[in-house]
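**Student:** fold the following and give me the result.
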Amino acid sequence: MSKIGVPRTLAYFIYYPLWKTFLEELGQEVIVSPPTSREILDQGVKDAVNDACIPIKVYHGHAAWLRDKVDYIFSPRLVSVRLFGDFGTETFCPKFLGLPDMVRLTVDKLPPLIDTRIGIKKDPREIFNIAAEMGGILGKTEADSNRACRKALAVHKKYQKLLAQQVLPPDAIAQLFPDEPETNNKTRKGVVHRHQDALTAQQLADEEPGLNIAVVGYPYAIYDDYINGGILGLLSKEKVQVYTQDMLSDKVLNRQARHLPKSTFWYFSNRAVYGGLHFMKQKRIDGIIHVTAFACGPDSVVDRLLEIEAHRHNSKPYLSITIDEHTGEAGIRTRVEAFIDMLNYRRNKK
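**Tutor:** Numbers count the residues shown, from 1 in each chain. Model (predicted):
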C-alpha cells in the first residue's frame, strides 16, 4: 500500500470524493494537506514563478507540505472533462495543463507525481482508460482499475446530489467522509453554514427573511477560507443564504450558453459565467459576489463579462472581490459588510 498525497486546493473542491474513492478502492492510503495557512501560502509564494496567480502559488505550498509524508502526489494533468462537440474548444486554464511540470521543477525533493493526462473529448467512457493508466502506475490491473472507477463515479454522483441540495462543497465532503481529519467545520475558521433543512418550521417562521446572495467564481477561490478572507463565514454570520454555481446541475448551467454570442475557452470560467447568468435571472437573489484572483487572465474576462451582464439584468447588485497573497481579511470584511448594508437598504426602500 502506498501513501498518495492530494493537495487541498484547485480541483480538490470538485473532484476529491471521486479521487479519494478511486485511490482507496485500489488499496492506497490517501493523505490530504491541511486547509491553507500562512505557512503553506508563504512556501508556495517562495516556490512558484513570480507571475503565477494565488491559486497556483497555494498549490505549490500544499505540494511542498506533502512531499516528505507520502510516496506519490496526485497531480493529474487536467485538460478537458466534457465533450468538445457540445461547447466548442473548451479546456482548463493553461496553468492547469502545465501544473505537474511547474510543481516538479520548482518544488525541491518531491516524490513521484501521478500526472496522468485527463482529456475527455469524444466519449465519456474514456475515463476508464484514464483510470487504467493511473492504476498501472500503482501496479494494479485494468480490471481492478475499472472496478474502482465505477465505485468512484457512484460516490461522485452522491456528492453532486448533496451540492444540488444547496450544501457547499467543503460541507458535502465532510458529510461523505465524516471520519476524515480536517473536514469538519471547526477546522474552517468557525464557518457554520445555514441550511433550511436543518431548521424547524417554527424556527423558519420566527426568523426574519435574510438576504440571498450568489457567490460565483472558481471553486478554489470561493471555498478556500484563508485566501478569500473567510467570505462565506462572514456571510453566514450576517444570516445570508449563500448560493454558488456548484449547487447547479450541468443541465441548468449549460442552458445559459445559448444566451451568449460565444462561451470562453476555459471550463471553470464557463461554469462561473453560466452560474452568474443563472442567478441574475432569479428574483430571489438579492446580489452577486464574484471572487476573482489577481493576475488570472481568464478571470479578468469573466469579471468584465459578469459586470456587463449584471447591468443588463436590471442592474442586479454586483460586487467583485479580487484576491492575492497580499489581500487583507479586514479589507474584504469591510467591502462585504458594506455590500450587505446596501442590499438591506435597497430591500427596505422597496
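
**Student:** please count neighbours and contacts with C-alpha atoms only from this point.
**Tutor:** Noted.

**Student:** quick check: buried residues in stretch 240-250?
**Tutor:** Within stretch 240-250, the residues that count as buried by 16 or more other C-alpha atoms under 10 Å are Val240, Gln241, Val242, Tyr243, Thr244, Gln245, Asp246, Met247, Leu248.

**Student:** assign the nearest residue to Ile231 once chain neighbours are set aside to helix, strand or coil.
**Tutor:** Spatially, and ignoring its direct neighbours in sequence, Ile231 is nearest to Asp225 (7.0 Å; C-alpha to C-alpha, 6 or more residues apart in numbering). On the three-state scheme (DSSP: H, G, I helix; E, B strand; the rest coil), Asp225 is labelled coil.

**Student:** which residues of the stretch 51-200 of the chain fall in strands?
**Tutor:** Listed in chain order, the strands of the stretch 51-200 of the chain (DSSP state E, counting those that start in this stretch) span 72-74, 77-80, 113-114, 117-119.

**Student:** show the average pLDDT along stretch 275-292.
**Tutor:** The average pLDDT within stretch 275-292 is 94.

**Student:** span of it from start to end?
**Tutor:** End-to-end distance for stretch 275-292: 14 Å, by C-alpha to C-alpha, to the nearest Å.

**Student:** run through who's touching it.
**Tutor:** 211-218, 221-222, 228, 244-245, 248, 252-253, 256, 299-300, 303, 306, 309-310, 313, 316-323, 343 (C-alpha atoms under 8 Å, 6 or more residues apart in numbering).

**Student:** before we move on, what about stretch 69-88?
**Tutor:** Against stretch 69-88 from outside (C-alpha under 8 Å, 6+ apart): 2-7, 31, 63, 66-67, 90-92, 96-100, 111-124, 263, 265, 267.

**Student:** surely Ala132 and Gly139 touch.
**Tutor:** No: the pair Ala132 / Gly139 is not scored as a contact, 10.1 Å apart, by C-alpha atoms under 8 Å.

**Student:** neighbour-wise, which of those two wins?
**Tutor:** A side-by-side neighbour count of Ala132 and Gly139, using other C-alpha atoms under 10 Å, places Ala132 first with 21 against 11.

**Student:** how many residues are close by the residue nearest to Ala63 when sequence neighbours are not counted?
**Tutor:** Once flanking residues are discounted, Ala63 sits nearest to Pro7: 6.0 Å by C-alpha to C-alpha, 6+ apart. Pro7 has 26 neighbouring residues, counting by other C-alpha under 10 Å.

**Student:** ok, Arg255 next?
**Tutor:** Arg255 is flanked by 12 other residues according to other C-alpha under 10 Å.

**Student:** ok, it to Phe13 distance?
**Tutor:** Relative to Phe13, Arg255 is positioned 23 Å away (C-alpha to C-alpha).

**Student:** now the helices: where do they sit in the stretch 151-300 of the chain?
**Tutor:** Secondary structure of the stretch 151-300 of the chain by DSSP state H, counting those that start in this stretch: the helices cover 169-176, 201-206, 219-222, 231-237, 250-254, 267-280, 297-312.

**Student:** which of the ones you listed sits most buried?
**Tutor:** helix 267-280 (a mean of 24; mean count of other C-alpha atoms under 10 Å).

**Student:** test my guess that Leu235 contacts Val215.
**Tutor:** No: using C-alpha under 8 Å, Leu235 makes no contact with Val215, being 10.0 Å away.

**Student:** so what sits against both of those two?
**Tutor:** Val242.

**Student:** point out where the stretch 151-300 of the chain drops to low pLDDT.
**Tutor:** Residue ranges of the stretch 151-300 of the chain with pLDDT under 70: 181-209.

**Student:** contacting residues around the residue most central in space within the chain?
**Tutor:** With distances taken as C-alpha atoms, centre = their mean, the residue of the chain nearest its centroid is Pro219 (2.1 Å). By C-alpha under 8 Å, 6+ apart, Pro219 lies in contact with Leu10, Ala11, Phe13, Ile14, Asp246.

**Student:** distance of it from Ala293?
**Tutor:** Pro219 is 11 Å from Ala293, by C-alpha to C-alpha.

**Student:** Trp65 now?
**Tutor:** Distance from Trp65 to Ala293, by C-alpha to C-alpha: 23 Å.

**Student:** and these two? Which one has more around it.
**Tutor:** Shown here are Trp65 and Ala293; by other C-alpha under 10 Å, Ala293 has more neighbours (24 against 21).

**Student:** nearest spatial neighbour of the more buried one, skipping sequence neighbours?
**Tutor:** Leaving aside its sequence neighbours, Ala293 sits nearest to Ile323 (C-alpha to C-alpha, 6+ apart; 5.0 Å).

**Student:** residues contacting that neighbour?
**Tutor:** Counted by C-alpha under 8 Å, 6+ apart, Ile323 has contacts Ile54, Ile227, Asn228, Val291, Thr292, Ala293, Phe294.

**Student:** for it, phi and psi?
**Tutor:** Phi and psi for Ile323, reported as degrees, to the nearest 10, are phi -120, psi 150.

**Student:** next one: it, what pLDDT does it get?
**Tutor:** 90.

**Student:** any idea how far Pro94 lies from Tyr223?
**Tutor:** For Pro94, the distance to Tyr223 - C-alpha to C-alpha - is 22 Å.

**Student:** the two: who's more crowded?
**Tutor:** Tyr223 (21 against 12).

**Student:** now do the contacts for Cys53.
**Tutor:** Taking C-alpha under 8 Å, 6+ apart as the test, what Cys53 contacts is Ala293, Phe294, Ala295, Cys296, Asp324.
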